[in-house]
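S.K.: Here is a sequence with its predicted model. Questions after.
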Amino acid sequence: MNWLRLISLASLLLLLVPVAVLLYYGLGPLRSPAGYSNAVLRSIELSLASSACAAIVDVVLFTPLAYYLARGRDRITETLVDIPVSIPHPIVGVALVILDSPRTPTGEFLTSIGINFYNTILGLVFALVIISAPIYVKAMQPYFESKDTSPEDFATGMGASRLRTMLSVVVPNSVPGIESASFIAMSRALSEFGSISIIAYYVLQYPFYGVSPASVTIYALFSGAVPGGLDAAVTASAVMILVSLPIALAGHVFRRRQ
Amino acid sequence: MIDAEVTKKLGQFSLSATLSDGGFICLSGNNGSGKSSLMRAVAGFFPLDEGHVRINAKDVTATPREARGVVMVTPGSLIPHLGVDAHLTWGSRLKKQKIPSERLSAVRAELGINFEGRVSELSLGMRERVSLATALLSNPKVILVDEAFSNLHERRAFIASYRKLTHDAGIDVVFSTQDQSDGSLAEHVYTIAEGKTQRVS
């Protein structure tokens, strides 16, 4: 009898309880058409689009940071990266509201150059970047650390700067790692609720005018803020799980492929 | 011309070595004798505790690695995603220089690079040829060959060709080996043991 395996599987089962419950009741006994109404599908679209944007921003802006951390011994920066993970996410939403508020100098400045976060796609993506980028960096850093540095040393010897080495030697040879980490970051962004329920409860912009992110929609159905009730919330959750599971799995499939 | 006098404590190991010569130099020593550490010191991988490194009479002790003109070639010195031609010209493209096609084909012929393809898919010996040719064509002042003459077919003939090509280009070469008889391939021979060098010829 492999007790370790048994205990591991039992604890995993505990983790999967919410997913199993939602899939069973949402698609079975409690299924409600309000859970896959046009409004719900639109909000899932918004979540997918904004999370994909956030993942792309993560790749472009945070790959250098992950590489820098992997090659340097900069413990202070490494600790700073963890901060957004360790504060309650609604606070991130509040911070963005204040940053952008007409009552603050920063808000006045941002408005004067046409930047607006509150109930905009930009604000939604910004919040998703802040909460998903640390996950991206934490996935990429060990990937870079595990890579042999001989190609980089060779390029440096021939006269390439650190940035040039990263762009033309490291990144082209790290595509599987970047794919995996960006899917992990995207699935983290899809699951976000706290910060976006504050900065972008709904979006007031084309092409998602009046649409809420999926997690917010589910909460609104549950709380009765929009008609639907518990059954609709459970069904919408099941649909959301069906959509986001392949993205989470893609992250792991790419990781295995390396 | 390399003029290095380096002292460095690396964990339990202390390197205290002198190397002062130009041309094609053999550095022979056993495993753990400090061959790689000495080369890494010359290439600028770590700051020295004491001493200096001069390349062609210019002091580079405090110069960052990418500005020394010193390329170190190890068995892993490859940019895996590139094709053979793109790999060979990588260093010169970095400096926005173009290698004349006659020069490229001459080096290819001399070093037996008569194959194409992604370098990550080549055999070990083919990779070594490509790495060494890439280092040569990037036109540095010094090439440090750390155990990268190991998987070659007709090894001694290859080393002789490499010596001629680097001599013609005015590049100094230090190559490490565990085989003392390799000394006959070089202009100068150093042995190293427990981090200390000795000039043999």
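M.R.: Cool, the structure landed. Residues are numbered from 1 along each chain as shown, chains lettered A, B, ... in the order given.
S.K.: residues in contact with the residue nearest to the spatial centre of chain B?
M.R.: The centroid of chain B falls nearest to B:Leu144 when counting by CA atoms, centre = their mean (2.1 Å). Applying CB atoms under 8 Å, 6 or more residues apart in numbering or on different chains to B:Leu144 gives the contacts B:Met39, B:Val42, B:Ala43, B:Val70, B:Val71, B:Met72, B:Val73, B:Val173, B:Val174, B:Phe175. C-beta: built from backbone N, CA, C; applies to glycine.
S.K.: Equivalent analysis for A:Gln141, please.
M.R.: Counting by CB under 8 Å, 6+ apart, A:Gln141 touches A:Ala66, A:Leu69, A:Ala70.
S.K.: Against B:Arg118, how distant is the residue in chain B that chain A sits nearest to?
M.R.: Chain B approaches chain A most closely through B:Gly76 (2.9 Å), counting by CB to the nearest CB. Between B:Gly76 and B:Arg118 the computed distance is 16 Å (CB to CB, to the nearest Å).
S.K.: go on, A:Arg71?
M.R.: For A:Arg71, the distance to B:Arg118 equals 25 Å [CB to CB].
S.K.: can you map out the strands along the stretch 51-200 of chain A?
M.R.: Assigned by DSSP state E, counting those that start in this stretch, the strands in the stretch 51-200 of chain A number zero.
S.K.: pLDDT below threshold where in it?
M.R.: Of all residues in the stretch 51-200 of chain A, none has pLDDT under 70.
S.K.: now stretch B:97-112: mean pLDDT?
M.R.: Across stretch B:97-112, pLDDT averages out at 93.
S.K.: then it to PDB, C-alphas only?
M.R.: C-alpha atoms of stretch B:97-112 as PDB (Å, rounded to 0.1, in the frame of the first residue of the first chain):
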ATOM      1  CA  GLN B  97      30.200  44.200 -40.000                       C
ATOM      2  CA  LYS B  98      29.800  41.900 -43.000                       C
ATOM      3  CA  ILE B  99      32.100  38.900 -43.500                       C
ATOM      4  CA  PRO B 100      33.100  38.600 -47.200                       C
ATOM      5  CA  SER B 101      31.600  35.400 -48.600                       C
ATOM      6  CA  GLU B 102      35.100  34.200 -49.800                       C
ATOM      7  CA  ARG B 103      36.300  34.500 -46.200                       C
ATOM      8  CA  LEU B 104      33.300  32.600 -44.900                       C
ATOM      9  CA  SER B 105      33.800  29.800 -47.400                       C
ATOM     10  CA  ALA B 106      37.500  29.700 -46.800                       C
ATOM     11  CA  VAL B 107      37.100  29.300 -43.000                       C
ATOM     12  CA  ARG B 108      34.300  26.700 -43.600                       C
ATOM     13  CA  ALA B 109      36.600  24.700 -45.900                       C
ATOM     14  CA  GLU B 110      39.600  24.900 -43.600                       C
ATOM     15  CA  LEU B 111      37.700  23.800 -40.500                       C
ATOM     16  CA  GLY B 112      35.600  21.100 -42.200                       C
END
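S.K.: what comes up buried for it?
M.R.: For stretch B:97-112, the neighbour count (16 or more other CB atoms under 10 Å in any protein chain shown) marks B:Ile99, B:Leu104, B:Val107, B:Arg108, B:Leu111, B:Gly112 as buried.
S.K.: need the residues you listed in CSV with secondary structure, can you?
M.R.: Shown next, in CSV, are the buried residues of stretch B:97-112 (DSSP: H, G, I helix; E, B strand; the rest coil):
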residue, secondary structure
B:Ile99, coil
B:Leu104, helix
B:Val107, helix
B:Arg108, helix
B:Leu111, coil
B:Gly112, coil
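S.K.: contacting residues around the one residue in the stretch 51-200 of chain A that gets nearest to chain B?
M.R.: Distance from chain B to each residue of the stretch 51-200 of chain A (CB to the nearest CB) is smallest for A:Ser150, at 2.9 Å. Under the criterion of CB under 8 Å, 6+ apart, the neighbours of A:Ser150 are B:Thr74, B:Pro75, B:Gly76, B:Ser77, B:Leu78.
S.K.: try 7 Å this time
M.R.: The contact partners of A:Ser150, by CB atoms under 7 Å, 6 or more residues apart in numbering or on different chains, come to B:Thr74, B:Gly76, B:Ser77.
S.K.: May I ask which of those has the most neighbours?
M.R.: Highest neighbour count within the contacts of A:Ser150, by other CB atoms under 10 Å in any protein chain shown: B:Ser77, with 25 neighbours.
S.K.: In which helix or strand does it reside?
M.R.: Per DSSP states H and E: B:Ser77 is located in neither a helix nor a strand.
S.K.: go on, B:Gly170?
M.R.: Assigned by DSSP H and E, B:Gly170 falls within no helix or strand.
S.K.: Quick check: phi and psi at it.
M.R.: Main-chain torsions, B:Gly170, degrees, to the nearest 10: phi 70, psi 30.
S.K.: That one: neighbouring residues, count only.
M.R.: Counted with other CB under 10 Å, residues neighbouring B:Gly170 total 10.
S.K.: How about the residues of the stretch 101-250 of chain A by chain B?
M.R.: A:148, A:150-151, A:153-161, A:169, A:172-173 (CB under 7 Å from any CB of the partner chain).
S.K.: how about residue 148, what does it touch?
M.R.: I'll assume chain A. For A:Asp148, the contact set (CB under 7 Å, 6+ apart) comprises B:Gly76.
S.K.: that's the other chain; I wanted chain B
M.R.: B:Val73, B:Thr74, B:Pro75, B:Ser77, B:Glu128, B:Ser131, B:Leu132.
S.K.: re the thing from before, just the buried ones from the residues of the stretch 101-250 of chain A next to chain B?
M.R.: When these are checked for burial by 16+ other CB under 10 Å, the buried set is A:Ser150, A:Pro151, A:Asp153, A:Phe154, A:Ala155, A:Thr156, A:Gly157, A:Met158, A:Gly159, A:Ala160, A:Val169, A:Asn173.
S.K.: What distance do you get for the third one to B:Gln12?
M.R.: In this view, A:Asp153 and B:Gln12 are 23 Å apart by CB to CB.
S.K.: Same drill for A:Arg71 and B:Arg118, tell me which one is more crowded.
M.R.: Taking other CB under 10 Å, A:Arg71 and B:Arg118 do not tie; A:Arg71 has more neighbours (18 against 13).
S.K.: With adjacent residues omitted, what lies nearest to the one residue sitting closest to the centre of chain A?
M.R.: Closest to where the C-alpha atoms of chain A average out (CA atoms, centre = their mean) is A:Ala189, at 2.0 Å. Leaving out its chain neighbours, the residue that sits closest to A:Ala189 by CB to CB, 6 or more residues apart in numbering or on different chains is A:Ser51, at 3.7 Å.
S.K.: any idea how far B:Val200 is from that neighbour?
M.R.: Counting by CB to CB, the gap from A:Ser51 to B:Val200 is 65 Å.
S.K.: If you count surrounding residues, which of the two has more?
M.R.: A:Ser51 (26 against 13).
S.K.: Which members of the buried ones among the residues of the stretch 101-250 of chain A next to chain B define the maximum pairwise distance?
M.R.: Using CB to CB, the two most remote members of these are A:Gly159 and A:Asn173, lying 19.3 Å apart.
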